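J.: just need the structure, nothing else, for what follows:
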Amino acid sequence: MFIRQIKYVRRKIILRKARIDAPGALYHIIARGIERREIFCDDGDRDEFSRRLGEILTRSQTRCYAWALIPNHFHLLIKTGDVPVATVMRRLLSGYAGGFNLSRHRSGHLFQNRYKSILCQEEVYLLGLVRYIHLNPLRAGIVKTLEELDRYRYCGHSCLMGNSRNGWQENESVLKLFGKRAGFARRTYRAFVEKGMEQGRRPDLIGGGLLRSAGGWQAVGALRKAGIHQKSDERMMGDGDFVEDVLLRAKERLHRKYVLASKGIGFEQLAQWVSKLTAIPLPAMAGPGKQRQTVRARSILCFLAVNGLGMPLSVLADRLEISLSTVSVAVRRGGEIVDREKLDIAEL
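T.: Below you'll find the model as predicted:
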């Protein structure tokens with residue numbers, strides 16, 4: 001079900017699985033320049049990328065826990081809202097590449113065709129990923145010491161240390177994991193980062209699958225000796241229960257889309273079904289009405305339109321004459337209603 005693309009490279013067939021977009025999920029994103037070329041040539045490039053990143057994250061209500069810019073690639077640790085990670089990354093990469101090409105009178109691809117996105121189990125990997133990503137400039141030789149990293153402004157570490165500022169990084173939510181008082185939390189966080197310097201590169205933190213989720217071949221062997229069989233997926237980093245739960249939810253979303261597409265259902269038919277289900281006419285769902293039943297109906301419609309028909313949030317906002325933020329909230333609320341009430345779109 002997930003196989004989406006077949007690519008032939010030197011007579012080898014590579015089967016690529018579709019990305020998993022899960023609302024409220026933690027993703028480790030890695031994007032590299034094509035042929036490993038530089039994508040940040042100077043501070044002007046880094047400033048422009050940071051500006052675009054902050055703007056897109058804020059607009060899409062995507063949270064950023066860690067980030068680092070390296071001359072030929074970048075890392076992000078983000079948690080999605082209702083806007084899919086694919087949409088966030090498309091806006092970021094295409095917008096930056098267009099400006100980069102224009103300023104340098106060049107054309108063609110700037111980034112490798114496919115960035116890497118790994119869906120991560122938050123409670124297990126959050127802090128390890130924050131540390132790993134923030135140590136990248138040090139490992140790459142961009143800065144020579146931890147003291148220099150403390151002030152390197154193109155990495156989220158300096159923001160957590162209070163030496164640079166931006167309005168889109170989740171500083172407080174990370175620091176509170178190290179202590180209640182800001183000063184103590186920063187000192188504890190820095191000691192945590194310093195301890196990670198001796199670990200070197202961490203291949204277990206840059207990909208999914210059983211090997212990386214378990215923490216290496218030794219851990220995989222121990223699991224097998226103990227008779228423990230874990231589900232795994234190269235697109236995810238987490239234990240078996242986590243992988244199974246994400247795949248189950250993803251299949252449910254794909255099933256919704258398949259059912260609607262197979263019946264040739266469009267927005268009008270979907271709206272009529274929601275209207276009949278909720279006894280709220282479509283004209284009442286449009287506009288900023290706040291009556292409880294109207295909000296419920298609009299939320300169901302928004303969720304199914306986005307997740308079942310693939311309608312962009314902006315198009316839906318125009319269609320219903322409401323703001324983009326209202327649509328975003330409605331999609332999240334609608335998903336909760338559909339799951340809680342077990343609404344069956346097969347009836348459409």
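J.: and the residue lying farthest from the centre of the chain, what does it touch?
T.: Most distant from the centre of the chain: Ala279, at 36.0 Å, with distances by C-alpha atoms, centre = their mean. Ala279 is in contact with Gln293, counting by C-beta atoms under 8 Å, 6 or more residues apart in numbering. Heads up, the C-betas are built off the backbone N, CA and C, glycines and all.
J.: what are the ranges of the strands in this protein?
T.: Using DSSP state E, the strands of the chain run over 3-9, 12-17, 26-32, 63-70, 73-79, 116-120, 236-237.
J.: okay, now the unreliable bits of the chain?
T.: Within the chain, the stretches with pLDDT under 70 are 1-18, 200-233, 258-259, 261-262, 346-348.
J.: and for the residue nearest to Arg256 when sequence neighbours are not counted, the neighbour number?
T.: Closest residue to Arg256 apart from its sequence neighbours, by C-beta to C-beta, 6 or more residues apart in numbering: Gly308 at 4.7 Å. Gly308: 21 surrounding residues under other C-beta atoms under 10 Å.
J.: ok, now how distant is Gly308 from Leu301?
T.: Gly308 is 10 Å from Leu301, where distance means C-beta to C-beta, to the nearest Å.
J.: shared neighbours, these two?
T.: Contacts common to Gly308 and Leu301, judged by C-beta under 8 Å, 6+ apart, are Leu270.
J.: run through the residues that contact the residue nearest to Arg256.
T.: Arg256, Lys257, Val259, Leu260, Leu270, Ile345.
J.: just the buried members of those?
T.: The neighbour-count test (16 or more other C-beta atoms under 10 Å) applied to these identifies Arg256, Val259, Leu260, Leu270, Ile345 as buried.
J.: which residues touch the nearest residue to Pro281 once chain neighbours are set aside?
T.: Distance criterion C-beta to C-beta, 6+ apart; nearest residue to Pro281, sequence neighbours excluded, is Ser275 at 5.7 Å. Ser275 makes contacts with Pro281, Leu282, Met285, Ala297, as judged by C-beta under 8 Å, 6+ apart.
J.: pick the one among those residues closest to Glu252.
T.: Ala297 (21.6 Å; C-beta to C-beta).
J.: help me confirm that the closest one comes into contact with Pro281.
T.: No: Ala297 lies out of contact with Pro281 (C-beta atoms under 8 Å); the separation is 9.0 Å.
J.: ok now the lengthiest helix in the chain, how far from the chain's centre?
T.: Assignment by DSSP state H gives helix 240-262 as the longest helix of the chain. When distances are taken as C-alpha atoms, centre = their mean, to the nearest Å, helix 240-262 is centred 17 Å away from the chain's centroid.
J.: what angle separates that helix from strand 116-120?
T.: 120 degrees (axes from the mean of the first three to the mean of the last three C-alpha atoms, to 10 degrees).
J.: list the buried ones in helix 240-262?
T.: For helix 240-262, by 16+ other C-beta under 10 Å, it's Gly240, Phe242, Val243, Val246, Leu247, Ala250, Arg253, Arg256, Val259, Leu260.
J.: over to stretch 172-185?
T.: Val174, Leu175, Phe178, Ala185.
J.: residue contacts, the last one?
T.: With contact taken as C-beta under 8 Å, 6+ apart, Ala185 is in contact with Leu175, Lys176, Leu177, Phe178, Gly179.
J.: and those residues, which is closest to Leu69?
T.: For the contacts of Ala185, the nearest to Leu69 is Leu175 (21.5 Å; C-beta to C-beta).
J.: still on that earlier bit, Ala297 and Pro281: which has the busier surroundings?
T.: More neighbours surround Ala297 than the other of Ala297 and Pro281, with 26 against 14 (other C-beta under 10 Å).
J.: the residue nearest to Pro281 and Leu316, how far apart?
T.: In terms of C-beta to C-beta, Ser275 sits 16 Å off from Leu316.
J.: next: Gly54.
T.: In terms of C-beta to C-beta, Gly54 sits 25 Å off from Leu316.
J.: just Arg165 next, same as before
T.: Applying C-beta to C-beta, the value for Arg165 to Leu316 is 34 Å.
J.: which one's more surrounded, these two?
T.: Set side by side, Arg165 and Leu316 show more neighbours around Leu316, with 22 against 10, by other C-beta under 10 Å.
J.: where's that one relative to Thr58, distance?
T.: 20 Å.
J.: about what we covered before: quick one: the residue nearest to Pro281 and Glu336, what's the gap?
T.: Between Ser275 and Glu336 the distance is 20 Å, computed by C-beta to C-beta.
J.: how about Lys176?
T.: Per C-beta to C-beta, Lys176 is found 26 Å from Glu336.
J.: try Leu138
T.: Separation of Leu138 from Glu336 (C-beta to C-beta): 42 Å.
J.: who has more neighbours out of the two?
T.: Leu138 (21 against 11).
J.: which residues in the stretch 1-150 of the chain form helices?
T.: Under the criterion DSSP state H, counting those that start in this stretch, the stretch 1-150 of the chain carries helices at the ranges 43-60, 85-103, 122-134, 136-139, 146-150.
J.: for the second one, name the packing helices and strands.
T.: By that I understand helix 85-103. On a contact count with 3 or more C-beta pairs under 8 Å, 6 or more residues apart in numbering; DSSP states H and E, helix 85-103 meets strand 26-32, helix 43-60.
J.: turn the helices of the stretch 1-150 of the chain into JSON lines, including distance to Ile78.
T.: Converted to JSON lines, the helices of the stretch 1-150 of the chain look like this (distance: least, C-beta to C-beta, whole Å):
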{"stretch": "helix 43-60", "distance to Ile78": "7"}
{"stretch": "helix 85-103", "distance to Ile78": "7"}
{"stretch": "helix 122-134", "distance to Ile78": "11"}
{"stretch": "helix 136-139", "distance to Ile78": "16"}
{"stretch": "helix 146-150", "distance to Ile78": "21"}
